[in-house]
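> need the 3D shape of this:
(2 chains)
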Amino acid sequence: ETGVTQSPTHLIKTRGQQVTLRCSSQSGHNTVSWYQQALGQGPQFIFQYYREEENGRGNFPPRFSGLQFPNYSSELNVNALELDDSALYLCASSSIFTEAFFGQGTRLTVV
Amino acid sequence: GIQVEQSPPDLILQEGANSTLRCNFSDSVNNLQWFHQNPWGQLINLFYIPSGTKQNGRLSATTVATERYSLLYISSSQTTDSGVYFCAAPSVTDSWGKLQFGAGTQVVVTP
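As a prediction, the model looks like this:
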């Protein structure tokens, strides 16, 4: 059974650019959630995808968007990057009403 | 949405000491998870505990759902226990996958 994997592990982007982060869910899971963790804070829910559809969204602007693919892997896209988008981005996979497991994260730096 | 509060915010322990971390939540929950975040940022699952008591080695957790709190016990602490501990839960009225995290407890175990 494979765990949750995220890519890339680190990324540096310039303000105004666009970025795509990727997540492969754990075998047997059909739900992926994305979180943003700023330095010194707890993770904040961005959105969740269940069966390829968005199923809940946190307080993030529309320039944060996502996709889930038929194999349940997922992408997080962020347009028009701002300096405040610098954070650790975490992906979690689960099945409905079950324990969530997290990937190792992608550390994004916007300069 | 649900509010999750953790205490204490910081904890310094000498190796071998015992400690209790607390998590209070403002609404009814269907599940609650405890995580340990390692220095590289990965969230390691400790417990999935919507109610009752569970033990895993030197760690144990108790959730009293009717009183809206959970406790994480660390016994005979080791330096490898250092890191940030988070509890997280979704409200029953919210998207089932939307974990609300507390601000965390930073634990430092000294030799």
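> can you tell me how far residue A:25 sits from chain B?
When distance is defined by CB to the nearest CB, to the nearest Å, residue A:25 is 12 Å away from chain B. The way it works is simple: take the backbone N, C-alpha and C, and place the C-beta from them, glycine included.
> what's the closest non-adjacent residue to that residue?
Nearest residue to residue A:25, sequence neighbours excluded (CB to CB, 6 or more residues apart in numbering or on different chains): residue A:93, at 3.5 Å.
> what does residue B:79 give?
The spatial neighbour of residue B:79 that comes closest, neighbours along the chain excluded (CB to CB, 6+ apart), is residue B:109 at 5.0 Å.
> what is the burial count for the one you found?
Here the number of neighbours of residue B:109 (other CB atoms under 10 Å in any protein chain shown) works out to 20.
> identify the residues contacting it.
Listed by CB atoms under 8 Å, 6 or more residues apart in numbering or on different chains, the contact set of residue B:109 reads B:13, B:14, B:15, B:17, B:77, B:78, B:79, B:80, B:81, B:82.
> distance of it from residue B:85?
In this structure, residue B:109 and residue B:85 are 12 Å apart, going by CB to CB, to the nearest Å.
> pull up the overlap in contacts between those two.
A shared contact of residue B:109 and residue B:85, defined by CB under 8 Å, 6+ apart, is any residue touching both; here there are none.
> and residue B:98, what's its pLDDT?
The pLDDT attached to residue B:98 in the predicted structure is 87.
> anything in stretch A:97-111 near chain B?
Yes. Counting by CB under 8 Å from any CB of the partner chain, contacts between stretch A:97-111 and chain B involve A:97, A:98, A:99, A:100, A:101, A:102, A:103, A:104, A:105, A:107.
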